[in-house]
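K.L.:
Predicted coordinates and the sequence they were generated for:
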Amino acid sequence: MLQRSLSAAIAALILSSCGVTGNEGGESTWEGGPQPATSQSEQANNSSGSSQGQAESQGKEKGSSNGKHPAAEPAMQATGQANCSHMHPGGQIPKITNAKYDEVIRPTFKELCYRSFHLGHSGRTRTALWSAEVLDPQKIELASRIERDSEFKPETRLPKTERSELTDYRGSGFDRGHLAPSADMPSKESQQESFILSNIVPQNGKMNGGVWRELEIEVRKRARKGKVYLVTGPIFRGSNSALKQRVLIPTSLYKAMYVVDKGAVVFVITNDNNAATTTLSIDQFTKIYGIDPFPALTGSVRTHNLALGPMPEPKKQESSDGSNSDSSGIAGSVGITSGQPCEELQHKSGVWMKKPKFYETYGLYENPINYRRC
């Protein structure tokens, strides 16, 4: 994993087309809610073990000796929602790859389809585990014309025992943080839906109003250039604290972004004043946290971290009929592989660097002044 400043990481994406405070009285050790059996109360970490790094360790909440909540290990695959399938690449919703976590979440997991986002909700955590949306230039333009004028309210389609309420957040010191942002919504009706508490998680105020807000703004800038698929959700690994002993507090939040024809990246940001930011490839994130935000993505689009620079050009392979085709991709159609010619770019300072290192160092916003083959 590579930890870098958010501004450096997101800058490459926009132009690629070329300890918690303030929670006194609200945070408590997890005790309430539909509880699994004692035998399920401690879920083992997935095979990544200690490789989860700073994005997890810096985001742990301080709690009592009751230990981690059993749902504090990544969402599961649930029943399909035809009306929301277009919000996912290949029509496939996020998938749990951690079998033990899937077992804990399954009994209370529900999909909820809204006008402009689709989420998978857990009755154990009383939050969504993922919220998916798809943005494009037209949607962003429409959203920019909508004034923010809505109010928070509970999701009445969920049982009372499985949903969060306004009273859970009241006086907690935590923000009611959107997963699918209200500023992404292209209509008044969809904006109102974004304020339903199923789309909300307890979020550190400094993180929410700082790094997280900056990320949301830059993602919308990227979406003005073309279609972008997003999956946003909480990370509960190591969490043992909850609002009113009901709503589990994330230790980090993630935002997975697939820029069509460009590549993908997952941002993981700790839910605390530090807001430490890590960028990962899809495969890295899936291995560490046990949830695959884009199961339909295949090939190098899964292994390349777009925040580190542009993906290599597709390597063409000649098929049996003599035509060229890509070797990998989304549903077999977006193939990106290595093996490209060596290229060097010259920075305005006069320094020459190989192309990947140039973009990793300066970002795609920095245009080279010269170019040559290695």
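P.N.:
Looks like it arrived, so ask away. None of these values were measured; they are calculated from a predicted model.

K.L.:
tell me the strands in the stretch 101-250 of the chain, going along the chain?
P.N.:
Taking DSSP state E, counting those that start in this stretch, the strands of the stretch 101-250 of the chain run over residues 109-113, 118-122, 127-135, 175-178, 200-203, 228-235, 241-243, 247-248.

K.L.:
Could you export the fifth one as PDB, keeping only the C-alpha atoms?
P.N.:
Meaning strand 200-203. Written as PDB, here are the backbone C-alpha positions of strand 200-203 (Å, rounded to 0.1, in the frame of the first residue of the first chain):
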ATOM      1  CA  ILE A 200     -25.600   7.900   6.500                       C
ATOM      2  CA  VAL A 201     -22.700   6.700   8.900                       C
ATOM      3  CA  PRO A 202     -21.200   8.300  12.000                       C
ATOM      4  CA  GLN A 203     -18.300  10.400  10.600                       C
END
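
K.L.:
Helices of the stretch 101-250 of the chain, start to end?
P.N.:
For the stretch 101-250 of the chain, helices defined by DSSP state H, counting those that start in this stretch occupy the ranges 137-143, 166-169, 188-194, 205-209, 211-223.

K.L.:
Mean pLDDT, mean neighbour count and distance to residue 266 added to those helices, as a markdown table?
P.N.:
For glycine as for every other residue, the C-beta is placed from the backbone atoms N, C-alpha and C. Converted to a markdown table, the helices of the stretch 101-250 of the chain look like this (pLDDT from 0 to 100; neighbours: other CB atoms under 10 Å; distance: least, CB to CB, whole Å):
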| stretch | mean pLDDT | mean neighbour count | distance to residue 266 |
| --- | --- | --- | --- |
| helix 137-143 | 94 | 16 | 21 |
| helix 166-169 | 97 | 17 | 27 |
| helix 188-194 | 94 | 19 | 22 |
| helix 205-209 | 97 | 19 | 17 |
| helix 211-223 | 96 | 19 | 12 |
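
K.L.:
Rebuild those as TSV, extending it with distance to residue 301.
P.N.:
Converted to TSV, the helices of the stretch 101-250 of the chain look like this (distance: least, CB to CB, whole Å):
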stretch	distance to residue 301
helix 137-143	22
helix 166-169	37
helix 188-194	28
helix 205-209	29
helix 211-223	16
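
K.L.:
Can you check which of the strands of the stretch 101-250 of the chain gets nearest to residue 278?
P.N.:
strand 228-235 (11.0 Å; CB to CB).

K.L.:
in its sheet, what does that closest one sit against?
P.N.:
The strands beside strand 228-235 in its sheet (DSSP bridges) come out as strand 127-135 (antiparallel), strand 252-259 (antiparallel).

K.L.:
Turn those strands into CSV, columns for mean neighbour count, mean pLDDT and distance to residue 221.
P.N.:
Shown next, in CSV, are the strands paired with strand 228-235 (neighbours: other CB atoms under 10 Å; pLDDT from 0 to 100; distance: least, CB to CB, whole Å):
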stretch, mean neighbour count, mean pLDDT, distance to residue 221
strand 127-135, 26, 97, 11
strand 252-259, 25, 98, 12
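
K.L.:
Make TSV out of these and add distance to residue 189.
P.N.:
Below are the strands paired with strand 228-235 laid out as TSV (distance: least, CB to CB, whole Å):
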stretch	distance to residue 189
strand 127-135	15
strand 252-259	24
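
K.L.:
Where does pLDDT dip in the stretch 201-350 of the chain?
P.N.:
Low-confidence segments of the stretch 201-350 of the chain, defined by pLDDT under 70: 314-341.

K.L.:
ok, 80 please
P.N.:
312-343, 347-349 (pLDDT under 80).

K.L.:
Over to the stretch 1-150 of the chain?
P.N.:
1-82, 148-149.

K.L.:
let's go with 50 and repeat that
P.N.:
1-4, 13-25, 31-65, 74-82 (pLDDT under 50).

K.L.:
picking that back up, of all the strands of the stretch 101-250 of the chain, which one comes closest to residue 346?
P.N.:
Nearest of the strands of the stretch 101-250 of the chain (CB to CB): strand 228-235, 31.0 Å.

K.L.:
Would you mark the buried spots in that closest one?
P.N.:
By neighbour count on 16 or more other CB atoms under 10 Å, the buried set for strand 228-235 is 228-235.

K.L.:
before we move on, what about stretch 84-99?
P.N.:
84, 87-89, 92-98.
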